[in-house]
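K.L.:
this one's sequence-less:
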């Protein structure tokens, strides 16, 4: 079987590691398959490139159009690892060869900017969802209406990284976080939620790279927590990181696109009970009071940490149940076999031509609006402007854009990502100016507004945001 995986980037995130874990499990099971990975947005991680080559995977990094078309035409199955990424949407807007397309969603698809739109559902001949939350999306409704096969399978974590795990004795109770240290991932009040834990002897260990470390350190310092928090930076040796954790504290941003989070899988695999917030794509992975604790509100989070810290019996019971649950639901070989069965069934389908997604000749801002589907009404109103949008509705829409969350502004598929991809787009520069105003960075806002005007925006669109009465903050 000849498989072609198309992925927006290859820098070390969960979707990339899933593909490598899948290839490793298939090799162990004796499943013979040729795999190639197309990476649309370079550069690629050198360690991951080496690992891919050792697994016999060929990588095509930013291939030219002819090479890409040839690879699609030659594949028995084309798997698209989907999340909102401008380069991936650019590909789907092109006239591509007929293929059997498996759309594997790496997102929940229910929050901005990572939306599973109806248009995306039309691309798929079959779909794989990584969280139950995705069943409520327009993409799934569209795929179901066409009779597509849809499976829900967690993404694979490489549990070999935890081989030989042994807890390490330590003083007190340690609450660990392992993941991206950015406001696009972590709850905006991560430091405050952690600082509200009053149980003596509780310490916090934060593992992961990202630009938010200094900001978090300052907020912990202001809360008098300097001696209770340690930042360890990016780590590959996750076995050692987990060895000194008693509780996995994982409060994510409310609108994160998280789904089958590998760090939760890994924590549960070694028997560390997770504490998460309700309402994210990650919370369905936890069974409340059985494998961990799900907090319905922010104020519940520190109380849940305190409860586990003060009750050794409960902590051990949840940890043991988490370990058993992980081996039942997240065992890589078992889930790799489910993927194998799905892939083996797809060649029975005919290769299908699809109409390219609309937007190939549209400006970057309009492409961004399209990627948000029905959730992008504020951006659509701002893009249309007067007279299509009334002055009152325009002001309200741009006030809402100004107050966009870090996930929507700074995350993949967000405003800044699209502006960096289409730097000459006036509306994307306008929206970056609005969010800079909200961040109280007037210098950056003026620079963005000037660029928007230079790119063709009516200067009158900017003026209301520069007056003292414009509700800037």
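P.N.:
On my side now, so go ahead. Just so we're clear, the structure is a prediction, and the values are computed from it rather than from any experiment. Numbers count the residues shown, from 1 in each chain.
K.L.:
hey, let's count contacts and neighbours off CA atoms from now on
P.N.:
Fine.
K.L.:
give me the low-pLDDT residue ranges for the stretch 151-300 of the chain?
P.N.:
281 (pLDDT under 70).
K.L.:
ok, which stretches of it are helices?
P.N.:
Using DSSP state H, counting those that start in this stretch, the helices of the stretch 151-300 of the chain run over residues 190-195, 213-222, 238-243, 262-269, 300-310.
K.L.:
hey, which of the ones you listed is tucked in deepest?
P.N.:
Of all those, helix 262-269 has the most neighbours on average by mean count of other Cα atoms under 10 Å, namely a mean of 25.
K.L.:
quick one, domains of this protein?
P.N.:
Residue ranges for the domains of the chain, per automatic domain parsing: 2-157+332-348, 161-329, 364-466.
K.L.:
pLDDT of the shortest one, averaged?
P.N.:
Averaged across domain 364-466, pLDDT comes to 97.
K.L.:
give me every residue that touches the residue nearest to residue 349 when sequence neighbours are not counted.
P.N.:
Spatially, and ignoring its direct neighbours in sequence, residue 349 is nearest to residue 100 (7.0 Å; Cα to Cα, 6 or more residues apart in numbering). By Cα atoms under 8 Å, 6 or more residues apart in numbering, the contact set of residue 100 is 76, 77, 78, 125, 346, 347, 349, 350, 351, 352.
K.L.:
again, 7 Å this time
P.N.:
By Cα atoms under 7 Å, 6 or more residues apart in numbering, the contact list for residue 100 reads 76, 77, 78, 125, 350, 351, 352.
K.L.:
show me what the helix or strand containing residue 394 is packed up against.
P.N.:
Residue 394 belongs to helix 391-402 when assigned by DSSP states H and E. Judged by 3 or more Cα pairs under 7 Å, 6 or more residues apart in numbering; DSSP states H and E, the packing partners of helix 391-402 are helix 377-384, helix 426-438.
K.L.:
make a markdown table out of the ones you listed and add mean neighbour count.
P.N.:
Shown next, in a markdown table, are those (neighbours: other Cα atoms under 10 Å):
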| stretch | mean neighbour count |
| --- | --- |
| helix 377-384 | 20 |
| helix 426-438 | 26 |
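K.L.:
let's have those in a markdown table, adding distance to residue 245.
P.N.:
A markdown table is the format used below for the helices and strands packed on helix 391-402 (distance: least, Cα to Cα, whole Å):
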| stretch | distance to residue 245 |
| --- | --- |
| helix 377-384 | 43 |
| helix 426-438 | 37 |
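K.L.:
to residue 204, which of those lies closest?
P.N.:
With Cα to Cα as the criterion, residue 204 lies closest to helix 426-438 of these, at 30.5 Å.
K.L.:
elements contacting the helix or strand following the closest one?
P.N.:
The C-terminal neighbour of helix 426-438 among helices and strands, as given by DSSP H and E, is helix 442-454. If you count contacts as 3+ Cα pairs under 7 Å, 6+ apart, helix 442-454 packs onto helix 426-438.
K.L.:
what does the helix it packs on contact?
P.N.:
If you take Cα under 7 Å, 6+ apart as the criterion, helix 426-438 is touched by 365, 383, 401-403, 415-416, 419, 442, 444-446, 448-449, 451-453, 455-457, 472-473.
K.L.:
can you tell which of the helices of the stretch 151-300 of the chain is closest to residue 44?
P.N.:
Per Cα to Cα, nearest to residue 44 of those: helix 262-269, 20.3 Å.
K.L.:
and the lengthiest helix in the chain, how far out from the chain middle?
P.N.:
Across the chain, the helix with the greatest residue count (assigned by DSSP state H) is helix 312-329. Remark: helix 312-329 is offset 26 Å from the chain centroid, using Cα atoms, centre = their mean, to the nearest Å.
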